[in-house]
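Trainee: the following comprises the amino acid sequence and a computationally predicted model.
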Amino acid sequence: MLPSASNPTLLNRELSLLKFNERVMAMAENRNTPVLERLRYLCIVSSNMDEFFEIRISSLKEQQRQTPGVVGVDGYSPGEAFERVQRAAHELVERQNSLLTNQVLPKLKTEGIALLDPASWSEELRDWAHAVFEREVMPLLTPIGLDPAHPFPRVYNKSLNFIVSLSGQDAFGRSASIAIVQAPRALPRVMKVPAEIAGIPHGYLLLTALISAFVGELFVGLDVKGVYQWRVTRNSDLFVDEEEITNLRQALQGELSQRNFGAAVRLEIAQGMPADLEVFLQQEFLLQPQDTYRVSGPVNLSRLMQLCNMVDRSELLFPDHRPKLPAPFDTVGDNPEELFAAIAAKDQLLHHPYQSFQPVLNFLTAAAVDPAVVAIKQTIYRTGEDSELMRLLLAAAKAGKEVTVVVELMARFDEQTNINWAAKLEEVGAHVSYGVVGHKTHAKMALVLRREKGLIRRYGHLGTGNYHPKTARLYTDFGLLTADQKMCHDMDRVFSLLTGLGARRQLNLLLQSPFTLHQTMLALIRNETAHAKAGRKARVMAKMNSLLEPVIIDCLYEASQAGVKIDLIVRGACALRAGVPGLSENITVRSIVGRFLEHSRVFYFYNDGAENVYLSSADWMDRNFFRRVEVSFPVLDKALKRRVISEAFTYALRDNQLAWRALSNGSYTKVSSRGKPFNIHDHLVKQLGN
């Protein structure tokens with residue numbers, strides 16, 4: 001049945017994102033997942049949902065305000081989409097609360113790990129907790145009794161707060177009713193209790209429990225009828241007027257100071273909060289009942305991620321994975337002559353986290369110390385607050401090398417970190433550019449210019465993921481170290497466009513957004529369509545985080561109808577409807593959710609046996625094609641091409657442990673585990689890692 005106005009060809013983006021979080025939740029529901037990892041997955045869902053509300057729900061609310069009657073490509077008006085999304089989000093949160101309360105916490109308790117609830121405290125534990133409260137918590141609390149002289153306080157985005165129901169009169173004869181207590185951000189949310197006091201090896205107190213137990217001491221002489229935790233989530237999207245700003249860093253700094261006080265979009269409250277207090281908070285933040293989420297655990301579940309790192313029980317975690325240095329990097333280290341010679345001899349492919357990120361750091365270390373290196377150019381999107389890579393760039397600049405860094409200041413939720421690094425780089429004389437206003441620089445490139453025999457030779461690193469050593473141990477990404485002069489010359493031209501001004505210049509090998517990537521992907525898909533129509537073998541495989549761009553999706557539909565076999569590995573949101581008769585019966589969509597976060601973007605086109613393989617920083621989304629600076633680079637070496645095809649596609653399509661198959665209605669079903677079990681993550685750890 002072909003889609004129609006009532007059965008559109010595209011799926012809703014927000015609902016698809018929630019389906020992805022359901023797949024993450026399934027890892028927490030799986031009893032074969034180690035219990036501390038089950039808790040970690042619950043926390044990941046919580047963190048994902050925070051961003052979902054801060055960005056996606058905020059956007060839906062804005063659409064309801066500006067274009068309430070406009071029906072989107074998914075067949076929904078903003079109001080209809082919002083209603084369906086809220087309903088699905090409530091179901092997800094209820095499932096999350098139930099899993100935490102009924103399975104994960106009880107299982108942890110059997111392992112001697114527990115969150116100690118005040119109702120079960122021994123007298124000794126109560127005395128210990130009271131001493132901690134008096135010494136470390138109470139001095140930092142500022143209770144606010146609400147009355148005409150004390151209006152409702154300004155509440156920080158996602159901060160922990162308490163509403164206290166009171167009765168009685170205070171010292172001034174004022175009648176007490178409601179007070180607000182804000183938990184200072186400086187206080188730890190999880191505290192370890194000595195084993196001899198806790199009565200178990202790993203006992204912990206939440207700040208929530210500590211404040212709830214002793215909040216009455218803030219209101220001497222009054223009767224505390226109830227105390228309930230809550231928090232509010234706010235719109236966290238930044239707006240910078242590109243036509244008005246003269247200094248992006250200054251403009252962004254001003255916006256960041258207000259990010260945490262945007263319009264409220266979600267209210268989370270304790271399960272037992274009375275209805276009158278719930279309504280009071282809703283009215284204060286201009287929210288509706290559907291915007292309110294009751295939780296049975298802590299209102300900020302992601303804080304429990306600390307437990308996964310605080311408890312020293314390796315048997316309750318995934319087996320430790322220490323990625324190894326692949327040849328030739330296991331012998332050359334960061335010796336400049338040997339390292340650059342190895343890259344000059346042949347392209348070198350890295351697959352993280354199965355293989356170490358250290359060769360990338362060694363590449364920059366060698367560049368920083370090598371007298372023959374005259375310049376380093378690099379893009380930075382996310383790199384972390386404590387970054388060895390950034391320290392290497394600082395050292396290179398201090399050593400007198402020409403260091404050019406394109407820092408993306410608008411990398412969401414990393415803006416302040418990037419501003420700080422930009423300032424440090426400028427202090428040591430590095431050339432710092434912020435790219436092109438209106439087009440985020442998302443490309444992952446590092447270019448080294450080295451003087452050899454009187455000539456400049458270029459060496460490059462291109463990747464699908466960020467220059468972030470921590471996430472390189474958690475995210476699956478490919479990286480290519482190359483001395484191919486056409487490839488490196490293209491990189492230099494992209495850098496020139498980012499740091500200077502001028503007309504677009506022709507590139508030899510790289511595809512670049514917003515100029516050639518979209519049109520080339522369309523041309524390559526249409527080429528497969530032509531082969532299929534001519535009766536020749538035709539195949540498209542693509543791996544990415546999100547698939548949302550409608551023209552690309554329409555092109556894939558046309559290819560499917562022509563007989564092209566299309567396999568898509570899409571981790572997260574996917575608007576394409578797979579397996580619809582007459583539309584997409586030759587398209588399969590899989591999602592891999594497991595120990596590592598699937599992050600690489602890989603595109604394959606059979607091309608009558610030539611087999612074009614591209615790696616990229618770009619998903620198939622509007623923003624990546626048209627509003628970002630991205631690059632996609634071909635894998636030219638035949639042996640490396642075979643590796644990429646196997647490691648990105650063959651194993652993913654074979655997986656029957658972590659894989660989910662998309663249905664035509666946007667739902668997902670677990671791939672059948674019949675036959676010999678195959679887990680792509682475990683397989684690649686064994687093949688490339690330990």
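Mentor: Cool, got the structure. Numbers count the residues shown, from 1 in each chain.
Trainee: so where do the strands sit in the stretch 51-200 of the chain?
Mentor: Applying DSSP state E, counting those that start in this stretch to the stretch 51-200 of the chain gives strands spanning 113-115, 144-145, 161-167, 178-182, 190-193.
Trainee: mean confidence for the third one?
Mentor: Think strand 161-167. Mean pLDDT, strand 161-167: 93.
Trainee: sorry, back to before: turn the strands of the stretch 51-200 of the chain into TSV, columns for mean neighbour count and distance to residue 616.
Mentor: Placement of C-beta: from N, CA and C, glycine included. Converted to TSV, the strands of the stretch 51-200 of the chain look like this (neighbours: other Cβ atoms under 10 Å; distance: least, Cβ to Cβ, whole Å):
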stretch	mean neighbour count	distance to residue 616
strand 113-115	20	42
strand 144-145	17	51
strand 161-167	20	43
strand 178-182	20	44
strand 190-193	18	39
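Trainee: of those strands, give the one that comes closest to residue 75.
Mentor: Residue 75 lies closest, by Cβ to Cβ, to one member of the strands of the stretch 51-200 of the chain: strand 161-167, at 38.9 Å.
Trainee: that closest one vs strand 178-182, what angle?
Mentor: 150 degrees (axes from the mean of the first three to the mean of the last three Cα atoms, to 10 degrees).
Trainee: who does strand 161-167 pair up with?
Mentor: strand 178-182 (antiparallel), strand 223-234 (antiparallel) (DSSP bridges).
Trainee: residue 315 is nearest to which of the strands of the stretch 51-200 of the chain?
Mentor: Using Cβ to Cβ, the strands of the stretch 51-200 of the chain put strand 113-115 closest to residue 315, at 12.2 Å.
Trainee: the bottom helix or strand of the chain by mean pLDDT?
Mentor: The least trusted helix or strand in the chain, going by mean pLDDT, DSSP states H and E, turns out to be helix 248-259, with a mean of 53.
Trainee: quick check: what element follows it along the chain?
Mentor: For helix 248-259, the following helix or strand on the C-terminal side (DSSP states H and E) is strand 264-270.
Trainee: show me the shaky parts of the stretch 201-350 of the chain.
Mentor: Across the stretch 201-350 of the chain, the ranges flagged by pLDDT under 70 are 238-259.
Trainee: now the strands for the stretch 551-690 of the chain?
Mentor: 565-570, 587-592, 597-598, 601-605, 612-616, 628-634, 659-662, 668-670.
Trainee: mind listing what's buried along the fifth one?
Mentor: Along strand 612-616, the positions that meet the burial threshold by neighbour count (16 or more other Cβ atoms under 10 Å) are 613, 614, 615, 616.
Trainee: and of those residues, the nearest to residue 76?
Mentor: Nearest to residue 76 among those, with distances taken as Cβ to Cβ, is residue 616, at 30.3 Å.
Trainee: so what's that closest one scoring on pLDDT?
Mentor: Taking residue 616 on its own, its pLDDT is 98.
Trainee: beta partners for it?
Mentor: What pairs with residue 616, by the bridge criterion (DSSP bridges), is residue 601, residue 632.
Trainee: next one: residue 673 relative to residue 679, how far apart?
Mentor: Using Cβ to Cβ, to the nearest Å, residue 673 is found at 10 Å from residue 679.
Trainee: compare these two and say which is more crowded by neighbours.
Mentor: Remark: of residue 673 and residue 679, residue 679 carries more neighbours, 20 against 13, as counted by other Cβ atoms under 10 Å.
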